[in-house]
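K.L.:
Below are the sequence and a predicted model; questions follow.
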Amino acid sequence: MNNDLATMIRQQRVMKRLTQTQLSEMSGVSGSHLGRIERGERFPSAHILGKIAQPLGFEESELFILA
């Protein structure tokens, strides 16, 4: 996976003062899946990127560019 994307997702979550649990609840993506994405162990699908973009304050296209 693109580690830049993983790092960006984690940094933005921390800057928004969200826990993985909170982001999970807001996005509908499981906390364990979010953890794997942030560690660079899983590459998120376009659908998942779309679900986590808004709670993190991104436009979907911004995350797609990094992916």
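P.N.:
Perfect, I can see it now.

K.L.:
Please spell out which residues along the helix or strand containing residue 47 are buried.
P.N.:
Assigned by DSSP states H and E, residue 47 belongs to helix 46-56. When burial is assessed from 16 or more other CB atoms under 10 Å, helix 46-56 yields the following buried residues: 48-49, 51-53, 55-56. For every residue, glycine as well, the C-beta is placed using N, CA and C.

K.L.:
Give me the mean pLDDT for that helix.
P.N.:
Mean pLDDT, computed over helix 46-56, is 93.

K.L.:
quick one: the following helix or strand past that helix to chain centroid distance?
P.N.:
Where DSSP H and E defines the elements, the next helix or strand beyond helix 46-56 is helix 60-66. Computed by CA atoms, centre = their mean, to the nearest Å, the chain-centroid distance of helix 60-66 equals 11 Å.

K.L.:
distance of the closest residue to residue 9 other than its chain neighbours from residue 3?
P.N.:
Nearest residue to residue 9 in three dimensions, chain neighbours excluded: residue 38, at 5.9 Å (CB to CB, 6 or more residues apart in numbering). For residue 38, the distance to residue 3 (CB to CB, to the nearest Å) stands at 10 Å.

K.L.:
Ok, residue 26 next?
P.N.:
With CB to CB as the criterion, residue 26 and residue 3 are 24 Å apart.

K.L.:
for the chain, which residue is closest to the average position?
P.N.:
Residue closest to the average C-alpha location in the chain (CA atoms, centre = their mean): residue 9, at 4.5 Å.

K.L.:
low-scoring pLDDT stretches of the chain, where are they?
P.N.:
Along the chain, the model assigns pLDDT under 70 to residues 1-2, 66-67.

K.L.:
Try it again at 80.
P.N.:
Scanning the chain for pLDDT under 80 picks out 1-2, 62-67.

K.L.:
what's the single longest helix in it?
P.N.:
When the chain is parsed with DSSP state H, its longest helix is helix 3-15.

K.L.:
In it, which residues are buried?
P.N.:
Per 16+ other CB under 10 Å, helix 3-15 contains these buried residues: 5-6, 8-10, 12-13.
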